[in-house]
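> any chance you can model this:
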Amino acid sequence: MSPHAPDEPLTIGEMTRRTGVAASALHFYESLGLIASTRTPGNQRRYARHMLRRVSLITVAKRLGIPLSDVQTAFADVPLTETPSHADWQRASRRWKRELEKRREGIERLERELTGCIGCGCLSMKACGLLNPDDALGTHGAGPQRLQD
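Okay, here's the model as predicted:
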């Protein structure tokens, strides 16, 4: 059983202990509007317990290389100042899932192309004569033409 009431806010020390995230990172996430805290009369931060979920999702996203800007977009409609409802999280989850599916498709496309030409138009590989005859992809511009979104 938790030593705290369900609606009792967490200190920054408790947040760092529970999430494994440094206090400086929590401050940074707060500056980006990803999480929020209130202040005590002594100006100490206190976090609502529902911030644990947000910080955990941020941590997982970072491990997967997902930019914080994408996390911000996913959390855009999830309330900061009150406990999000199941419907709030469902909406955010559906939106984020679509973005993750796009990312997964891009990674799978890259994985398939790694064994051949990535369509850069460089003609530096012997296979480019077969996969990109006459540097046709080079006329489309710089960069990996086959792997662009």
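> who's in contact with stretch 37-46?
9-12, 26, 30, 47-48, 51 (CB atoms under 8 Å, 6 or more residues apart in numbering). C-betas here are computed from N, CA, C, even on glycine.
> and the pLDDT for the residue most central in space within the chain?
Central residue of the chain (CA atoms, centre = their mean): Ile66, 3.5 Å from the mean position. pLDDT for Ile66: 88.
> where's it relative to Gly138, distance?
As judged by CB to CB, to the nearest Å, Ile66 and Gly138 stand 32 Å apart.
> before we move on, what about Ala48?
Noted for Ala48: a distance of 54 Å to Gly138, by CB to CB.
> and the contacts of stretch 37-46, which are buried?
Neighbour counting with 16 or more other CB atoms under 10 Å marks 9-10, 26, 30, 47-48, 51 as buried within the contacts of stretch 37-46.
> just send the residues you listed back as JSON lines, with secondary structure and pLDDT too.
Converted to JSON lines, the buried ones among the contacts of stretch 37-46 look like this (DSSP: H, G, I helix; E, B strand; the rest coil; pLDDT from 0 to 100):
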{"residue": "Pro9", "secondary structure": "coil", "pLDDT": "94"}
{"residue": "Leu10", "secondary structure": "strand", "pLDDT": "95"}
{"residue": "Leu26", "secondary structure": "helix", "pLDDT": "97"}
{"residue": "Glu30", "secondary structure": "helix", "pLDDT": "96"}
{"residue": "Tyr47", "secondary structure": "strand", "pLDDT": "96"}
{"residue": "Ala48", "secondary structure": "coil", "pLDDT": "95"}
{"residue": "Met51", "secondary structure": "helix", "pLDDT": "94"}
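> many thanks, we can stop here.
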